[in-house]
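**Q** Sharing a sequence plus its predicted fold:
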Amino acid sequence: MKTFGKTMPTLCLSIVVLAACGSDEESATGSEVGDNEVEHNEIEDNENGTDEKEYEEGEMDTGNSGEEEIHSLEEGEEREAASTKEDHYIQSGIVIGGEITDGKAVGNIDHGIHDEYERLVLDIYEGAHHELGDPAEMPNHFEVAKEAYPSHFVYTLRGIRGLPEELPDLSTMDLFSSMEMIPFFDDATIKLAVYVQEPVEFEVFEMHNPAKIVTDIRSITSEEDYPTVYSVRTASISQEEYTESFQLDFEERDAERVRTLHSEGDTVFVEEGYYSTLEEAEERKSNLLNDGIDFDLHIEERGMYDTPTNIE
């Protein structure tokens, strides 16, 4: 058994930086090609995308401006992950896969630039706490959801009890921009946020024996002007200061789209929701304060790909 970098208490775990994936003929993780690796030269390129056109939240072209263009984060198709690359890209929604299990760990996270897409690969191992075992045969249960404002992917990985020590640096990528841990209070579940810097569509699939969770993204051409939104949020804090009470306080007041996001300076904050007009945001902020919220609230104007501000 190899010694593993970190346990998984609550937050602030990181993932190791690995070399980029190689060319299209290489494996999903850039290691030696095995029987179960994806042979990309045998897959035809699907230049027209999926038959069903789907849109990221806030990116749908309605021909109007304002509130009609702001859509719920939950919109989009929910589908099961395939067990091989199929070139079935979507622009919004949730991909679910893996098996319900426990005692697994994320061993490596690899990333690379290919001719027509960028790739992110999570290698899944048997293991828990300080010990990393053999590569798993099947991935743990996972969900990968695309969210908006800012545009990013949220990975919910269940049955995970170990991670490498550092997150990969995605700053040299053309489409991906960064990866961060999302504070989450469950010792067998982790959440990761992976941010992108321009319009993309994505495909998520799983591989077996060894187990991998693979995300491919490719750029899409868009002439749309994404509307500005107004976020009702807390101030920024360090992950060490984060407590679950921020989110619970909002949820107890019927907030439906509460989430934790990352802001500048390696900080996080809790967003109650975002609104299509400043007036709506101000009204919601006032109602929350009148309802007994006992911490400061702020309104931030934000675009689709803007990094949230570090509000002290």
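**A** Nice, thanks for sending it over.
**Q** What strand or helix carries the nearest residue to Ala82 once chain neighbours are set aside?
**A** Leaving aside its sequence neighbours, Ala82 sits nearest to Phe205 (Cβ to Cβ, 6 or more residues apart in numbering; 4.6 Å). Backbone N, C-alpha and C define where each C-beta goes, glycine included. Secondary structure assigned from DSSP states H and E places Phe205 in strand 200-207.
**Q** contacting residues for Asn310?
**A** Neighbour list for Asn310: 236, 263-265, 267 [criterion: Cβ atoms under 8 Å, 6 or more residues apart in numbering].
**Q** quick one: it from Ile182, how far?
**A** Here Asn310 is placed at a distance of 17 Å from Ile182 (Cβ to Cβ, to the nearest Å).
**Q** likewise Ala82?
**A** Using Cβ to Cβ, Ala82 is found at 26 Å from Ile182.
**Q** Neighbour count: those two, which is higher?
**A** Ranked by neighbour count (other Cβ atoms under 10 Å), Ala82 and Ile182 place Ile182 first, with 19 against 16.
**Q** Near Asn290, how many other residues are there?
**A** Applying other Cβ under 10 Å, we find 8 residues neighbouring Asn290.
**Q** hang on, Lys104 packs against Ile160?
**A** Yes - Lys104 is within contact range of Ile160, at 5.8 Å (criterion: Cβ atoms under 8 Å).
**Q** still on that earlier bit, partner strands of the helix or strand following the strand holding Phe205, with direction?
**A** Beyond strand 200-207 in the direction of the C-terminus, DSSP H and E gives the next helix or strand as strand 212-219. Strand 212-219 has the following strand partners under DSSP bridges: strand 118-128 (antiparallel), strand 200-207 (antiparallel).
**Q** And these: which comes nearest Leu278?
**A** If you check each of the strands paired with strand 212-219 against Leu278 by Cβ to Cβ, strand 200-207 wins as the nearest, at 28.7 Å.
**Q** residues of that closest one that come out buried?
**A** The neighbour-count check on strand 200-207 (16 or more other Cβ atoms under 10 Å) flags 200-207 as buried.
**Q** Same question for stretch 267-277.
**A** 267-276.
**Q** Moving C-terminal from the helix or strand harbouring Glu282, which element do we reach first?
**A** Glu282 belongs to helix 278-290 when assigned by DSSP H and E. Using DSSP H and E, the helix or strand that follows helix 278-290 in sequence is strand 298-302.
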